[in-house]
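> sequence and computational prediction follow.
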Amino acid sequence: MRCASRFFLLGLGLLAAAGLRAAPGPFVFAKIGVANGCFVESVAFGDDLRARAGDDVWYRLLQWGAKEADEVVAGHAVMVFEHRGKLWSYDINHGFTALDAGVAQRDDVALVARQVTAPYVGKITPRYPTYREDFPQQADPTPPVPSEDVEDRDVRDAGLVAVRLAKHRPVTLVEFDYLKDGETRRAAAVAFVYNGRLCVYTPAAGTVPFRVRALSVENTRQLQELLRRIYPGAGNLKVK
């Protein structure tokens, strides 16, 4: 999922006009700081929240697609969560927002989505808001080791995501080749499981959740086939 970050400045004005309250959140969240990272940043936020508040804390990743005029454009993902009897959202573009919806309305996706997507309305039309629910996983016992002193931004970003997410779930970090404009290029991807989907993050394409039979990040043959749906001709995978 590529993220709708280019609407940030517009969103600040609409946020105030909608009456929502951008506010200091219940704790400091250190972003990973990667390209097209709205989905993986939200996953990392949920991991931090669960570690602080315990397994019973309520939170959902809210994801939606978007349409600008007649063109389908980048969608977005944020985290909706409960804290001390109130609903909040965390958006990498806007930070923390205290929502007007009450805790009793937290499962009303349409209602919550109207408030969470308010900063983007007017320029884009959010489509099909959906909750994604995580389940507890164990930290990766053998976390990946990204390449050191990496100059390539894509390879660097994938490594940062892999290290962060591996603290709470198994991940696989791979580098691979693909063709673009007749040239062989190098890129990197991170595979992880979220909401019963095998998710693949690449800095250029964001996060793509796939429905697969084998929810395993260790199946590199399956991962290569999934990468070919994003990068036609992807091959020469090397696990890091």
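That came through, no problem.

> helix or strand: which one has Gln137?
For Gln137, there is no helix or strand it lies in under DSSP states H and E.

> residue contacts, the residue nearest to it when sequence neighbours are not counted?
Closest residue in space to Gln137, ignoring its immediate chain neighbours: Arg169 at 4.0 Å, by CB to CB, 6 or more residues apart in numbering. (Glycine included, C-beta is placed from N, CA and C.) For Arg169, the contact set (CB atoms under 8 Å, 6 or more residues apart in numbering) comprises 47, 137-140, 192-194.

> how close does Arg169 sit to Arg84?
27 Å (CB to CB, to the nearest Å).

> one more: Gly102?
Counting by CB to CB, the gap from Gly102 to Arg84 is 13 Å.

> more neighbours, those two?
Gly102 (12 against 7; other CB atoms under 10 Å).

> any weak-confidence spans in this structure?
1, 4-24, 67-74 (pLDDT under 70).

> give me the contacts around stretch 196-204.
Contacts of stretch 196-204 (CB under 8 Å, 6+ apart): 34-37, 39-40, 153-154, 157-158, 161, 187-193, 207-212, 214-217, 222-223, 226-227, 230-231.

> can we see that at 6 Å?
The contact list for stretch 196-204, computed with CB atoms under 6 Å, 6 or more residues apart in numbering, reads 35, 40, 154, 157, 161, 189-192, 207-210, 212, 215, 226.

> can you give me the strands for this protein?
21-22, 59-68, 71-83, 86-91, 95-98, 125-132, 172-180, 183-194, 197-202, 206-210, 235-239 (DSSP state E).

> just the buried ones among the contacts of stretch 196-204, please.
Buried by 16 or more other CB atoms under 10 Å: 35, 40, 154, 157, 161, 189-192, 207-210, 226, out of the contacts of stretch 196-204.

> between those, which is nearest Asp108?
Pro209 (22.9 Å; CB to CB).

> which non-adjacent residue is nearest that closest one?
Closest to Pro209 by CB to CB, 6+ apart is Arg197, at 3.7 Å.
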